[in-house]
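**Student:** What follows is a predicted structure for the sequence shown.
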Amino acid sequence: MKVLKILLISFVVVLPSFAKAQEVDPETLLQKIYRAQKDLEEIEINFRIQTSSCPLRRKVKGQIQTIKIKCELVSQREIALRAEDFETGAPHTIYLSVPHPLPAQFTFSVLTPDYKVEHVSGRTVSKLVFRALYQQKKLVVLAGKHFWVPPELAKSRSRELLKERSLEAIYTPFAEDLYDEGAYLEGARFLISKVQSSQAGLAERQVVSRALRKLLAEAMPWEYILNLGLNEQMDHSKFKADPARTAKEVLMEYAFNRDNAFRWSVSSANARGAYQFTNKNRRGRAGTYNAVVTNYEDAKLIEDFEEGTQNLSNIIKMAICLLDMELAKFPLDARELFEKDYRKAAIYQSACYNGGCGVGFALYRWIKKNKYEINLDDFNPPIQAFTYYKRVRLKTGKYAFRKIVSAETRTYIQKQMYLWSFIDELKKELQKEQLK
């Protein structure tokens, strides 16, 4: 660590909740965040090492013996926060450390004297929010520098593995101190431009839709891809409390981080990146990510799962291809409805995208059977519409059918239906901005 006299202070402290320390215009706020992120590039963080004794198995005269040897294990990871006093414009760098592996209850230590820090929420790079005081004066935390550790190494303490596979991530998660109406519009402009440029890339390669008789870029409207991108990052419980605010927070995070937005996101199911792709191989079948790469060779998608999900343009193209691949599995009437009114028909492939096509087909069959009218303003079918039976293999080797109730997908589709009106309002707001 550069020129840092380390004072280890471990404590639990609750700082007063506060809005932004001082109102600034959106452009100034974003410039402060980008400057903080740039400054963090030059700041060094390290793994903190602990010497221990480790077992080593070796073969001696044909016998396997276990001996103890000295080894260096990672015990902590450092975090650097870049904050600012908005009244004076003075920048502050605060060093923290967190245990590795992370315990169930998030704990941390402050390494820099005279600062008080509160952990507000989150455990991962994209969600980890802190508040800070310097000598009792409020600071606004603008960005953090972390080690992003691949999920498969979350419990590894190997110094060599962690240094080789971990990445340094600089990120600004959404925080109450950074809420800004103008910033969400900037995030919308950015994400729309990324979606449209990704469509242009697919059009340039003349990638054809597998579900519809047209170019893929024309088959999937940009509004649908924008809807999906917002939906994937909107917390269910926050959505139910305040849907508009939740969508705006996602767009603000795009404004803050641009191409790196949600790059480091990993769900509990190992879904990765802004559009949350998984790649689980089941019974010899390719995982979702690999299946899309294989089925859309002409799209020239990034083949490596980790690299591909951390590249925003690539993962948007992946999402467009996957939605098309899922739509192609449905009967002709569903595909015809998509061409006629994609906002209504999109519930089917979106259900597949979120919960697998077991629930997607279940929803399709229930709607057909019950002659349920798909209404964008009041889409509220019962949970039975998202219930199906899945054939599973038991420990005995025999097969049985297990009832699957996908309440999560039900909420996911309700979010999608809400987002259509949100996107329409967003387009109006952006048009007003252009006229100013």
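**Tutor:** Yep, it's here. Numbers count the residues shown, from 1 in each chain.
**Student:** where's residue 300 relative to residue 167, distance?
**Tutor:** Remark: distance between residue 300 and residue 167 (C-beta to C-beta, to the nearest Å) = 24 Å. In short, each C-beta sits where N, CA and C put it, glycine included.
**Student:** Please spell out the segments of the protein that come in under the pLDDT threshold.
**Tutor:** 1-22, 60-61, 283-284, 436 (pLDDT under 70).
**Student:** quick one, what contacts residue 139?
**Tutor:** 21, 83-85, 92, 132-133 (C-beta atoms under 8 Å, 6 or more residues apart in numbering).
**Student:** how does the protein divide into domains?
**Tutor:** Following automatic domain parsing, the chain resolves into domains at 9-178, 181-435.
**Student:** Need the nearest residue in space to the residue nearest the centre of the chain, chain neighbours excluded.
**Tutor:** For the chain, residue 265 is the residue whose C-alpha lies nearest the centre (C-alpha atoms, centre = their mean; 3.5 Å). Once flanking residues are discounted, residue 265 sits nearest to residue 126: 4.7 Å by C-beta to C-beta, 6 or more residues apart in numbering.
**Student:** Secondary structure element holding the nearest residue to residue 303 once chain neighbours are set aside?
**Tutor:** Spatially, and ignoring its direct neighbours in sequence, residue 303 is nearest to residue 293 (5.5 Å; C-beta to C-beta, 6+ apart). According to DSSP states H and E, residue 293 maps onto helix 288-295.
**Student:** Show me what counts as buried in that helix.
**Tutor:** 288-293, 295 (16 or more other C-beta atoms under 10 Å).
**Student:** Stretch 257-273 now?
**Tutor:** 257-258, 260-266, 270-273.
**Student:** and residue 249, that one's in a helix?
**Tutor:** Yes - assessed by DSSP: H, G, I helix; E, B strand; the rest coil, residue 249 belongs to a helix.
**Student:** any idea how far it lies from residue 125?
**Tutor:** Counting by C-beta to C-beta, the gap from residue 249 to residue 125 is 17 Å.
**Student:** now do residue 99
**Tutor:** Plainly put, residue 99 is 16 Å away from residue 125 if you go by C-beta to C-beta.
**Student:** Quick check: next helix or strand after the longest strand along the chain?
**Tutor:** Identified as the longest strand of the chain according to DSSP state E is strand 63-85. Remark: after strand 63-85, the chain's next helix or strand is strand 90-99, criterion DSSP H and E.
**Student:** Name every strand pairing with that following strand and say which way it goes.
**Tutor:** Here strand 90-99 is paired, per DSSP bridges, with strand 63-85 (antiparallel), strand 109-110 (antiparallel).
**Student:** Could you save these as a markdown table and add columns showing distance to residue 402 and mean neighbour count?
**Tutor:** Listed next are these as a markdown table, based on distance: least, C-beta to C-beta, whole Å; neighbours: other C-beta atoms under 10 Å:
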| stretch | distance to residue 402 | mean neighbour count |
| --- | --- | --- |
| strand 63-85 | 39 | 17 |
| strand 109-110 | 45 | 20 |
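**Student:** could I get these as TSV with distance to residue 391?
**Tutor:** Formatted as TSV, those follow (distance: least, C-beta to C-beta, whole Å):
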stretch	distance to residue 391
strand 63-85	43
strand 109-110	50
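**Student:** Which one, of those, ends up nearest to residue 398?
**Tutor:** Of all these, it is strand 63-85 that lies closest to residue 398, at 37.9 Å by C-beta to C-beta.
**Student:** Tell me where the stretch 301-436 of the chain has helices.
**Tutor:** Using DSSP state H, counting those that start in this stretch, the helices of the stretch 301-436 of the chain run over 305-309, 312-327, 332-340, 342-355, 357-370, 407-435.
**Student:** The fourth one - contacts with which helices or strands?
**Tutor:** Packing partners of helix 342-355 (3 or more C-beta pairs under 8 Å, 6 or more residues apart in numbering; DSSP states H and E): helix 222-233, helix 312-327, helix 332-340, helix 357-370, helix 407-435.
**Student:** now do the fifth one
**Tutor:** Helices and strands touching helix 357-370, as assessed by 3+ C-beta pairs under 8 Å, 6+ apart, comprise helix 342-355, strand 387-393, helix 407-435.
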